[in-house]
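Asks: next input, structure requested:
(2 chains)
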Amino acid sequence: DTAVSQTPKYLVTQMGNDKSIKCEQNLGHDTMYWYKQDSKKFLKIMFSYNNKELIINETVPNRFSPKSPDKAHLNLHINSLELGDSAVYFCASRSGGDFYGYTFGSGTRLTVV
Amino acid sequence: AQSVAQPEDQVNVAEGNPLTVKCTYSVSGNPYLFWYVQYPNRGLQFLLKYITGDNLVKGSYGFEAEFNKSQTSFHLKKPSALVSDSALYFCAVRDGGATNKLIFGTGTLLAVQP
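Replies: Numbering: from 1, shown residues only, chains lettered A, B, ... in the order given. Got it, this is the predicted structure:
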């Protein structure tokens, strides 16, 4: 049973379209994140959510809107897609307390053409 | 602000030889440090972490890392490299505050030659 699952795994779409990526975790974690990995493999935080509430938006354009219907789900909706949005998007969740375990999904490769 | 640096874009090593992938950190307070591995077209897999305690941390797949406070380093090591270890390795540090997000280094590509 996958701990952090993302769908779809691959997404190819045209400029200007709107698309969503879904993330679900079955670990019971309170905190979830979206990361973006660009073409140079740099990993950068986009959003942090704790218990369905947005904690921080890391200067991401407002075309990106995360939504957390419950603490097990964190979806990412992207409006008016641009070529520069092409990247791999990773969802992650974190356990609390002193353990500080972070678990990542397998990623969604978004290609905007 | 917390940060980690991986000074090498790529490390080449022959199979059977020991390997080291370097990471240095800059933090205020106690560092919470992590290593992740990314195989081609795959997600990030957790290798090991240092929170507190013993400076030598053992992790998955035979990897270990040594926390060195005086040198602010957290180098990843393995006594004998395998071709299957070839992958992209990321060092990361926990950023404190409200989010406790992970801040990643730029990654080091490990290439193990047979």
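Asks: look up the closest residue to B:Q45, ignoring the ones flanking it.
Replies: B:V37 (5.2 Å; Cβ to Cβ, 6 or more residues apart in numbering or on different chains). Every C-beta, even on glycine, is put in place using the N, C-alpha and C of the backbone.
Asks: tell me which element that neighbour falls in.
Replies: strand B:33-38 (DSSP states H and E).
Asks: got the contact list for the helix or strand following that strand?
Replies: From strand B:33-38 onward toward the C-terminus, using DSSP H and E, the following helix or strand is strand B:44-50. Strand B:44-50 is contacted from outside by A:43, A:90, A:92, A:100-104, B:31-39, B:57-61, B:63-65, B:67, B:74, B:76, B:89-90, using Cβ atoms under 8 Å, 6 or more residues apart in numbering or on different chains.
Asks: 7 Å instead, please
Replies: A:90, A:100, A:104, B:33-38, B:57-60, B:63, B:65, B:67, B:74, B:90 (Cβ atoms under 7 Å, 6 or more residues apart in numbering or on different chains).
Asks: could you pull out the strands for chain A?
Replies: Secondary structure of chain A by DSSP state E: the strands cover A:4-7, A:10-13, A:19-25, A:31-37, A:43-50, A:53-57, A:64-70, A:73-78, A:87-94, A:102-104, A:108-112.
Asks: so who does B:T20 touch?
Replies: Residues near B:T20 by Cβ under 7 Å, 6+ apart: B:75-77.
Asks: swap in B:Q10?
Replies: With Cβ under 7 Å, 6+ apart, B:Q10 has these contacts: B:108-109, B:111.
Asks: may I ask which of these has the most neighbours?
Replies: Of the contacts of B:Q10, B:T108 is surrounded by the most neighbours, 20 neighbours in total, counting by other Cβ atoms under 10 Å in any protein chain shown.
Asks: near chain A, which residues of chain B?
Replies: B:32, B:42-44, B:49, B:51, B:88, B:90, B:94, B:98-102, B:104, B:106-107 (Cβ under 7 Å from any Cβ of the partner chain).
Asks: for these, which ChimeraX command selects only the ones that are buried?
Replies: Buried members of those, identified by 16 or more other Cβ atoms under 10 Å in any protein chain shown, are gathered into one ChimeraX selection as follows:
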select /B:32,43,44,49,88,90,94,99,100,101,102,104,106,107
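Asks: any idea which residue is closest to the centre of chain A?
Replies: Closest residue to the average C-alpha location of chain A: A:W34 at 3.2 Å, with Cα atoms, centre = their mean.
Asks: okay, and the beta partners of that residue?
Replies: Beta-bridge partners recorded for A:W34 (DSSP bridges): A:F47, A:C91.
Asks: can you list the strands that the lowest-mean-pLDDT helix or strand in chain A pairs with?
Replies: Ranking every helix and strand in chain A by mean pLDDT, DSSP states H and E puts strand A:53-57 at the bottom, with a mean of 83. When pairing is defined by DSSP bridges, strand A:53-57 lines up against strand A:43-50 (antiparallel).
Asks: list the buried residues in the partner strand.
Replies: Here strand A:43-50 shows A:43, A:45-50 as buried, counting by 16+ other Cβ under 10 Å.
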